[in-house]
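[1] Sequence unavailable; structure follows:
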Ligand code: FAQ
């Protein structure tokens, strides 16, 4: 409700009208901050500030959408996997990603946002999902590289989320991380097979895939800390435990030795070991490309949204049938 007091506050703040907080709200906020400072975990039934709730819904729903859209680049290769073993592994992996999406939607629902609202936001193009899934998987080597680099980056980002201050998200992430770890290893193993036993053409295919996925994988961690509007508050609240730049650096440091074992190089002339920092220096990310992709202008954004909308429309009869069945069961129970 808009009050005169809000006008006064707005004039003082020199900006948008801010509601005056009651003494009760201020006391609750202070108690909440004290719990966060003490390292407590917050449960769904606990009081939380609106902004904490909104930040979590934003992050968790985007994460869920990423898992669901993330099924598309790899799902496209299930019918073309080179052996039965690789097909079974890929099927299991893509199915796991669908499962991750479901745990995450369920975690977001505990914050009071319905699955229907989140789905509508994804299908209309309003919601974000990870930039990485707007790049195409052109060859079979891309499937190995997605496991190695994309799942590798996802794990690096998600292991700290197992300690997120919001307990339902943290619990979901524990299971997700166990499965992501299998995903990363199967990708790496598939690339190692191609690089050690493959033909010259297969080795070249792996190098080409690394060249295309390297920079987009580094972009997965989000904008540089200085340009990340949400990081400071999210770290303060224990939603994120490690910043975007710190995670990106950890990923580069962990991945380069793996690239050396594989026998591939990353497309970065500025990459070099820094003795002083005991860490790799790496080149400048093309942030204009990142924001273009996040803004809907990546190579596959339209294709991905069209695929999700088609799947939703094609599944209408399944939802109708499930609902009709549930209604019939409920009326039988009422009659009994
Ligand atoms: N793509 O202030 P920040 C996976 C947006 S799952 C698109 O730094 P924040 C598994 C950001 O939302 C991969 N948008 O934001 C898999 C914000 O916009 P908003 C997904 C991005 O939230 C593998 C704006 O930029 N993982 O790979 C991206 O503090 C293989 C400013 O950014 C997660 O979602 C991006 N890369 O930090 C599946 C993990 N980066 O919301 C299938 C959970 C940033 O204000 C196959 N999420 N933006 O409109 C997070 O940890 C965080 O949300 C970050 C961003 C780190 C992604």
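    Yes, it's here. Everything numeric in this text was worked out from a predicted model, so none of it was measured.
[2] other SSEs contacting the host helix or strand of residue 102?
    Assigned by DSSP states H and E, residue 102 falls within helix 84-109. Secondary-structure packing of helix 84-109 (3 or more C-beta pairs under 8 Å, 6 or more residues apart in numbering; DSSP states H and E): helix 50-69, helix 71-75, helix 115-124, helix 167-197. Where C-beta positions appear, they are placed from N, C-alpha and C, glycine not excepted.
[3] what's the closest of the ones you listed to the ligand?
    helix 50-69 (3.5 Å; C-beta to the nearest ligand atom).
[4] For the ligand, what's its nearest residue on the stretch 1-150 of the chain.
    Per C-beta to the nearest ligand atom, residue 70 is where the stretch 1-150 of the chain lies closest to the ligand, at 2.6 Å.
[5] residues touching that residue, list them.
    Going by C-beta atoms under 8 Å, 6 or more residues apart in numbering, residue 70 touches 97, 129-130, 132-133, 150.
[6] Enumerate the positions of stretch 172-188 that are buried.
    Applying a neighbour-count criterion of 16 or more other C-beta atoms under 10 Å, one finds 172-173, 176-177, 179-180, 183-184, 186-188 buried in stretch 172-188.
[7] before we move on, back to that, what is the mean pLDDT for the helix holding residue 102?
    Average pLDDT, helix 84-109: 97.
[8] Would you mind listing what in the stretch 51-200 of the chain touches the ligand?
    58-59, 62-63, 66-67, 70, 97, 128, 130-131, 146, 150-151, 154, 157 (C-beta under 6 Å from any ligand atom).
[9] out of the helices and strands packed on helix 84-109, nearest to residue 336?
    Residue 336 lies closest, by C-beta to C-beta, to one member of the helices and strands packed on helix 84-109: helix 115-124, at 29.7 Å.
[10] Against which helices or strands is the closest one packed?
    Helices and strands touching helix 115-124, by 3+ C-beta pairs under 8 Å, 6+ apart, are helix 50-69, helix 84-109, helix 301-314.
[11] and the direction of it versus that of helix 301-314, what angle?
    Counting by axes from the mean of the first three to the mean of the last three C-alpha atoms, to 10 degrees, helix 115-124 points 140 degrees away from the direction of helix 301-314.
[12] circling back: what are the buried residues along the helix holding residue 102?
    Under 16+ other C-beta under 10 Å, the buried positions of helix 84-109 are 86, 89-90, 93-94, 96-97, 100-101, 103-105, 107-109.
[13] Might you enumerate the residues of the stretch 201-336 of the chain proximal to the ligand?
    By the rule C-beta under 6 Å from any ligand atom, the part of the stretch 201-336 of the chain lying against the ligand is 219-223, 228-231, 234, 240, 244, 294.
[14] Among those residues, which one lies nearest to residue 334?
    Sorting those by how near they are to residue 334, with C-beta to C-beta, puts residue 234 at the top with 46.3 Å.
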